[in-house]
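A.B. asks: Following is a predicted model, sequence given first.
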Amino acid sequence: MTFDLETYRKTARPVATDDLDFEAFRRFPLDENVLRCIRFMHDVESHTVCYLRDLLMTASHKDPSITTFLTMWNYEEYWHGVALGRVLDAHGEMSGAERIAPMRRRLGVKDKISPLTNALASAALGEHFIAVHMSWGAVNEWSTRAGYERLAARAGHPVLTELLRRISQQETRHIAFYASQARRRLAHAAVARRATRFALQRLWAPVGSGVMPEAETHFLLRYLMGGRDGLAAARRIDASIDKMPGLSGLGLVTGAVQALGDGPTQPGAHSADRAAA
């Protein structure tokens, strides 16, 4: 698989929303479970710039092709958060800085040491850290796209479906870069394969779990990846990971879903948001 970075650099742009009828959400609002997922996704997408900060402390910043991609990637992810914020706005809820600033404050010392831990890992692995970063990114982008697709299927709201389809299209290009870089670097060095397998097996957790409350991560996994259809989506992600050099058999996503079981998905965990809006 190859990735045309120059084409991506020239065509990266905010997800198109001008032609979408966000007022439809006022006429036909989403149910609480779907909104709970939107809040989670909005917050995680809006936190991407902080992930970028951490990654620029690692060996990844030495490769101009990677920093070019990350610049465009962060730009598009920012606008994903803005677009999801418009869905929250239409429901009378907080979005943007009103939501993100308190979330970042809650992270406390975890946010302060994150750049340091990434820098130390990079120092220990040198250039092989990039293989870890690219593989980790591929897993997270596969998971993110699957989450959007599952949410569209569960919500059954035509405007949300179209918005999530457009976001997913951009995530597909992100996947193409991460996966192509990961495959090349993993195939090149046994050290990279061993380090990446160890990192994913011991340290990987579902997207957003590092910044969102545990209860919200568990809810999202159960709601989107629970049941027959959700587990099938999780298995497809793991099948993609299995094709990466040295990474077969990890079962990362299905393992995370099965560890939670198909517990209840009760709404209302963020009911205070509307009162505060």
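C.D. replies: Sure, I can see it.
A.B. asks: Going by C-alpha atoms from here, please, whenever you check contacts or count neighbours.
C.D. replies: OK.
A.B. asks: How many residues are close by the closest residue to Gly147 other than its chain neighbours?
C.D. replies: Computed as C-alpha to C-alpha, 6 or more residues apart in numbering, the closest residue to Gly147 that is not its neighbour in sequence is Leu224, at 6.4 Å. Neighbour count for Leu224, taken as other C-alpha atoms under 10 Å: 25.
A.B. asks: In terms of helix, strand or coil, where does Leu224 fall?
C.D. replies: helix (DSSP: H, G, I helix; E, B strand; the rest coil).
A.B. asks: I'd say it and Ala232 touch.
C.D. replies: No. If you go by C-alpha atoms under 8 Å, Leu224 and Ala232 don't touch, sitting 10.9 Å apart.
A.B. asks: counting contacts, what elements does the strand or helix carrying Ala259 pack onto?
C.D. replies: When elements are assigned from DSSP states H and E, Ala259 belongs to helix 252-260. Using 3 or more C-alpha pairs under 8 Å, 6 or more residues apart in numbering; DSSP states H and E, the elements in contact with helix 252-260 are helix 214-225, helix 227-242.
A.B. asks: angle of it against helix 227-242?
C.D. replies: 140 degrees (axes from the mean of the first three to the mean of the last three C-alpha atoms, to 10 degrees).
A.B. asks: Show the backbone phi and psi for Thr17.
C.D. replies: Main-chain dihedrals, Thr17, degrees, to the nearest 10: phi -130, psi -10.
A.B. asks: neighbours around it, how many?
C.D. replies: Neighbours of Thr17 (other C-alpha under 10 Å): 14.
A.B. asks: Phe40 too?
C.D. replies: Neighbours of Phe40 (other C-alpha under 10 Å): 21.
A.B. asks: Any figure for the gap between the residue nearest to Gly147 and Gln169?
C.D. replies: In this view, Leu224 and Gln169 are 19 Å apart by C-alpha to C-alpha, to the nearest Å.
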